[in-house]
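Participant: model this:
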Amino acid sequence: MTPLKRIAIFDDDADILSICTFILEDMGWTVYCFNDCNEIEEKVSAVMPDMILMDNWIPEDGGIIATQKLKRDELLKKIPVIYFSANSEIELLSKKAGAERYLAKPFNLEDLQEVVEESFSNYQN
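Facilitator: Residues are numbered from 1 along each chain as shown. As a prediction, the model looks like this:
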């Protein structure tokens, strides 16, 4: 039996959450969606995902601060974060946040699948 793969998505766009959930569940992930990053450490600790998708413009603190909080937490810092945004500076923002990967919006479904699978595979090794 394959172990459950858990992913947390932080985005305030209901369409993005819906599309990502559909694709990722089809790939075998258990998906947890959050439309803000308030009390981010508590939310992530409650589900202990294998990976996180973090939007740049997530209320209240924003993706950079939320990701930095996670990376300072001893228990959560090893969880890979894929930073995603429509911002043209996505690579720079991702580095500033401390995320392992980034994915520019809009993205096609194959890109989402590829980035998530590669990140998960690298995280397991």
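Participant: phi, psi of the nearest residue to residue 82 once chain neighbours are set aside?
Facilitator: Leaving aside its chain neighbours, residue 82 sits nearest to residue 101 (4.6 Å; criterion: CB to CB, 6 or more residues apart in numbering). Heads up, the C-betas are built off the backbone N, CA and C, glycines and all. Dihedral pair for residue 101: phi -140, psi 170, per degrees, to the nearest 10.
Participant: list the contacts of residue 101.
Facilitator: Residues in contact with residue 101 (CB atoms under 8 Å, 6 or more residues apart in numbering) are 80, 81, 82, 83, 94, 115, 118, 119.
Participant: and the gap between the first one and residue 14?
Facilitator: Put plainly, it is residue 80. 25 Å (CB to CB, to the nearest Å).
Participant: the more surrounded of those two?
Facilitator: Using other CB atoms under 10 Å as the criterion, residue 80 and residue 14 rank with residue 80 on top: 16 against 10.
Participant: quick check, pLDDT for the more buried one.
Facilitator: Model confidence at residue 80, given as pLDDT, is 96.
Participant: ok, residue 124 next?
Facilitator: 74.
Participant: for the residue nearest to residue 31 when sequence neighbours are not counted, give me its contacts.
Facilitator: Excluding the flanking residues, the one nearest residue 31 by CB to CB, 6+ apart is residue 21, at 4.7 Å. Contacts for residue 21 (CB under 8 Å, 6+ apart) come out as 9, 31, 33.
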